[in-house]
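Student: just need the structure, nothing else, for what follows:
(one chain, ligands or ions: 3)
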Amino acid sequence: MLVLAMFASSVAIVVGGAEVKGLSPCSFPAIFNFGDSNSDTGAYSAALGASRLPDGARTFWILNMGPIGCLPINLNYILNRTEESFDQNGCNNRWNRMAVEYNKQLKNKLIKLRRKLPEAAITYVDVYTAKYRLICNAKNLGFTNPLKYCIQYIKKKNGIKVEDDQCNASAYISWDGTHYTDAANHLIAKSILNGSLSDPPLSITHACHKHVTL
Ligand SMILES: *[C@@H]1O[C@H](CO)[C@@H](O)[C@H](O)[C@H]1NC(C)=O
Ligand SMILES: *[C@@H]1O[C@H](CO)[C@@H](O)[C@H](O)[C@H]1NC(C)=O
Ligand SMILES: *[C@@H]1O[C@H](CO)[C@@H](O)[C@H](O)[C@H]1NC(C)=O
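Tutor: Numbering: from 1, shown residues only. Ligands and ions are numbered 1, 2, ... in the order given. As a prediction, the model looks like this:
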């Protein structure tokens, strides 16, 4: 699980590039995020109620599933490449289609959950798009091949397998084939915090406002 610290508040709210005055920044100290390190199952448990909600929580920022067809680790499990199709980055189309379908169903669940929990402010965050854009732009952003990962080389030291700690993590999007590097997460966070990939499109500092008329 991950707790995202709140960022400095601003006086006006950014909604789809326009400023909507009159909404004050939220006063909550933190946003609670469900699930594992990639939040790939976290959104599911939040939507389906498998996680126990933190007491008194009213504001939920729910990240959707990322492009799992681009996770280097998953590409190891493709048995017959000629049967599969891949995009221009080398990501597996079938796995990514599964994530897109999952996200569609997640969004529908959250729409129902908003009706069920009228006191809660529930924001759906399209981190899939943030991650996929990053992968498509890897080269322009100074990253190496997005399907390679940093600690892929296992060396033997005194007969023991160790991770290669010589790699330059700033040059990679994937840390270990599963988790994103700090460099990648920094850019992903930057592209989601202002709300441009959120529904409703509120910046994280204003995500507590529910029933906003846009
Ligand atoms: C949100 O931030 C991203 C990344 O910095 C930027 O590309 C985008 O234009 C911003 N959107 C708005 C609505 O400010
Ligand atoms: C891989 O799939 C292709 C197309 O379905 C098939 O012709 C080929 O025999 C398969 N290769 C193996 C090793 O199973
Ligand atoms: C690490 O990678 C980054 C991004 O590609 C690059 O700017 C930097 O110079 C590299 N550092 C070293 C020590 O190679």
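
Student: Pro72: how many residues sit nearby?
Tutor: Neighbours of Pro72 under the rule other C-beta atoms under 10 Å: 21. From N, CA and C alone the C-beta is placed, and that goes for glycine too.

Student: contacting residues for it?
Tutor: 147-149, 152, 174, 177 (C-beta atoms under 8 Å, 6 or more residues apart in numbering).

Student: now it: closest residue in space that isn't a chain neighbour?
Tutor: Taking C-beta to C-beta, 6 or more residues apart in numbering, and ignoring the residues beside it in sequence, Pro72 has Gly177 as its nearest neighbour in space, at 4.3 Å.

Student: got the residues of the chain near ligand 3?
Tutor: Within reach of ligand 3 by C-beta under 6 Å from any ligand atom, the chain has these residues: 142, 168, 170-171.

Student: any chance of the residues you listed in CSV, plus pLDDT?
Tutor: Below are these laid out as CSV (pLDDT from 0 to 100):
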residue, pLDDT
Gly142, 97
Asn168, 90
Ser170, 95
Ala171, 96
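
Student: so for the helix or strand containing Arg114, mean pLDDT?
Tutor: Following DSSP states H and E, one finds Arg114 within helix 93-116. Regarding helix 93-116, the rounded mean pLDDT is 93.

Student: show me what it is packed up against.
Tutor: helix 42-48, strand 121-125, helix 127-136 (3 or more C-beta pairs under 8 Å, 6 or more residues apart in numbering; DSSP states H and E).

Student: weakest of the ones you listed in terms of mean pLDDT?
Tutor: helix 42-48 (a mean of 53).

Student: then the helix or strand following that helix to PDB, C-alphas only?
Tutor: Remark: after helix 42-48, the chain's next helix or strand is strand 59-63, criterion DSSP H and E. Output in PDB follows, covering the C-alpha atoms of strand 59-63 (Å, rounded to 0.1, in the frame of the first residue of the first chain):
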ATOM      1  CA  THR A  59     -11.900  10.900  -0.800                       C
ATOM      2  CA  PHE A  60     -10.700   8.100  -3.100                       C
ATOM      3  CA  TRP A  61      -8.200   8.500  -5.900                       C
ATOM      4  CA  ILE A  62      -8.300   5.200  -7.800                       C
ATOM      5  CA  LEU A  63      -5.600   4.400 -10.400                       C
END
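
Student: now, among the contacts of Pro72, which is nearest to ligand 2?
Tutor: Proximity of these to ligand 2 (C-beta to the nearest ligand atom) peaks at Leu147, which lies at 20.6 Å.

Student: in three-state terms, label that closest one for me.
Tutor: coil (DSSP: H, G, I helix; E, B strand; the rest coil).

Student: residue contacts, the nearest residue to Gly90 once chain neighbours are set aside?
Tutor: Leaving aside its chain neighbours, Gly90 sits nearest to Leu147 (5.0 Å; criterion: C-beta to C-beta, 6+ apart). By C-beta under 8 Å, 6+ apart, the contact set of Leu147 is 70, 72, 75, 89-91, 174.

Student: likewise Cys91?
Tutor: Cys91 neighbours (C-beta under 8 Å, 6+ apart): 67, 69-70, 135, 147.

Student: I'd guessed Trp175 sits against Tyr149; true?
Tutor: Yes: at 6.4 Å, Trp175 counts as touching Tyr149 under the criterion of C-beta atoms under 8 Å.
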